[in-house]
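Enquirer: Build me a model from this:
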Amino acid sequence: MALTLEQYATNYLPTRGLPWPIPPTFQPKKARPHLERYPLKAVLWTAYGTLLNTLQGELLFEHPQVFVTENALDKTIKEFNMWNSMSRKPGAPAEYMRELYNKAFTTLKMLGHGSEKHPEVVAEQVWDDIVKKLLQKEYKFDAGLFGALNEYVKKIAYFYHSSIQGCGAYPGAADAIRLLADRGVVSGLLADGQCFTPAQIHKALREEDESFDVNAYIPVNLRILSAEKFAKKPSDTLFKAAVAAVAARGWKPEQVLHVGSNVVRDIAPAKKFGFRTALFAGDKNSLVATGEHLKEPEFRPDILITELPQIAEVMAS
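Expert: Below you'll find the model as predicted:
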């Protein structure tokens, strides 16, 4: 049976003995928590910059330094045995792959999704375009190990993104989700994220708590991810989907807390749709909030936390 994304990320890749970039240095922010108690049914987490520590608090499609991107592409070519099916052009293989990657990415970005103001590019579609070109030149892959083409390109996308930026859990991330579950509060995702984001959460939080299982703690029907909706924050599309997802469980937005580290992309749109809001101000790297922002009602969160487990203290008994 083919590997799932979680199995690929957590069990298979670590056995390959490959080098991986490390997450950025955690830089605690000097701030004072502000906690209020609310009767909550669920907490919807932002992924990158809140649960997961990544460069710039985001998931990047290319690294700011070109040589890092090219190293990641070269690593991807070797890992998935692509070179024999690539055109023999002058220059390094990674340079040619970067042309293919940029062309596919730019095309998908320009296509957008209808009238969406904040379209999201779907990572596996970039690699689907590339792999289909390679298949025309007798490229082959192990479907028994990786799954059919639609599953294979997801694993390539995970591998490439893991190669351009380190990703790790913020301190206490696994504890925070477990503490919520102990209090009967469900965790979900309302996040800019790709098909492999739950797998990254699974892997990273298991490094804090080896018993953590993303599928046990974060139900699939409460994972509202930008790649699935073809829209990224602060798009109304994403937050309307979140309203619908909680309504399907019989909850109102005011019974749900959205946690994020960016007042513009996380807090303001969540407030607009009636959610309770919590700003994670624990890391200088991911926090996007100024004193001026916090003076404005539209940006001001209901709660401010500096450590993720503090979220359990806002649950009304």
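Enquirer: ranges for the helices of the stretch 201-317 of the chain?
Expert: Using DSSP state H, counting those that start in this stretch, the helices of the stretch 201-317 of the chain run over 214-217, 226-229, 236-247, 268-272, 291-295.
Enquirer: got the ones you listed as a markdown table, with distance to residue 260, mean neighbour count and mean pLDDT columns?
Expert: Where you see a C-beta, it was placed from the backbone N, CA and C, and this is true even at glycine. Output for those, formatted as a markdown table (distance: least, CB to CB, whole Å; neighbours: other CB atoms under 10 Å; pLDDT from 0 to 100):
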| stretch | distance to residue 260 | mean neighbour count | mean pLDDT |
| --- | --- | --- | --- |
| helix 214-217 | 19 | 16 | 96 |
| helix 226-229 | 13 | 20 | 97 |
| helix 236-247 | 12 | 19 | 98 |
| helix 268-272 | 7 | 21 | 97 |
| helix 291-295 | 13 | 11 | 86 |
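Enquirer: can you put these in CSV and add distance to residue 35?
Expert: What follows is these, written out as CSV (distance: least, CB to CB, whole Å):
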stretch, distance to residue 35
helix 214-217, 22
helix 226-229, 29
helix 236-247, 22
helix 268-272, 18
helix 291-295, 16
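Enquirer: For residue 177, give me its contacts.
Expert: 45, 187, 205, 212, 217, 218 (CB atoms under 8 Å, 6 or more residues apart in numbering).
Enquirer: Of these, which is the most crowded?
Expert: residue 45 (30 neighbours; other CB atoms under 10 Å).
Enquirer: Roughly how far does residue 172 sit from residue 311?
Expert: Note on residue 172: its distance to residue 311, by CB to CB, to the nearest Å, is 9 Å.
Enquirer: just residue 66 next, same as before
Expert: 38 Å.
Enquirer: Now tell me which helix or strand of the protein has the poorest mean pLDDT.
Expert: One helix or strand of the chain scores below all others by mean pLDDT, DSSP states H and E: helix 291-295, with a mean of 86.
Enquirer: Contacts for that helix next, please.
Expert: 263, 264, 299, 300.
Enquirer: Which pLDDT value goes with the second one?
Expert: The predicted local confidence for residue 264 comes out at a pLDDT of 96.
Enquirer: next one: the last one
Expert: The predicted structure scores residue 300 at 95 on the pLDDT scale.
Enquirer: How about it: what's its closest non-neighbour residue?
Expert: residue 294 (5.5 Å; CB to CB, 6 or more residues apart in numbering).
Enquirer: sorry, back to before: would you turn the contacts of helix 291-295 into TSV with neighbour count and distance to residue 272?
Expert: As requested, these are arranged in TSV below (neighbours: other CB atoms under 10 Å; distance: CB to CB, whole Å):
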residue	neighbour count	distance to residue 272
263	23	12
264	15	12
299	18	11
300	18	13
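Enquirer: And those, which is closest to residue 250?
Expert: residue 300 (28.6 Å; CB to CB).
Enquirer: Please report how far the closest one lies from residue 146.
Expert: Relative to residue 146, and taking CB to CB, residue 300 is found at 47 Å.
Enquirer: before we move on, back to that, between residue 66 and residue 311, tell me which one has more neighbours.
Expert: Between residue 66 and residue 311, residue 311 has the larger neighbour count (other CB under 10 Å), namely 26 against 10.
Enquirer: so what's the more buried one closest to, chain neighbours aside?
Expert: Nearest non-adjacent residue to residue 311 (CB to CB, 6+ apart): residue 176, at 5.2 Å.
Enquirer: Past the host helix or strand of that neighbour, which element shows up next along the chain?
Expert: For residue 176, the element it lies in under DSSP states H and E is helix 173-182. Per DSSP H and E, the first helix or strand lying C-terminal to helix 173-182 is strand 186-191.
Enquirer: tell me how far that following strand is from the chain's mean position?
Expert: Centroid displacement of strand 186-191 relative to its chain, using CA atoms, centre = their mean, to the nearest Å, is 11 Å.
Enquirer: Strand partners (parallel or antiparallel) of it?
Expert: Looking at strand 186-191 with DSSP bridges, its partner strands are strand 42-45 (parallel), strand 223-225 (parallel).
Enquirer: so which of those is the most packed in?
Expert: Highest mean neighbour count of the strands paired with strand 186-191: strand 42-45, a mean of 26 (counted as mean count of other CB atoms under 10 Å).
Enquirer: quick one: that strand to chain centroid distance?
Expert: Counting by CA atoms, centre = their mean, strand 42-45 comes out at 15 Å from the chain centroid.
Enquirer: what residues are up against residue 94?
Expert: 70, 71, 73, 74, 77.
Enquirer: Could I get the contacting residues of the residue lying closest to residue 277 once chain neighbours are set aside?
Expert: Sequence neighbours aside, residue 301 is the residue nearest to residue 277 in space, at 4.4 Å (criterion: CB to CB, 6+ apart). For residue 301, the contact set (CB under 8 Å, 6+ apart) comprises 263, 267, 277, 278, 279.
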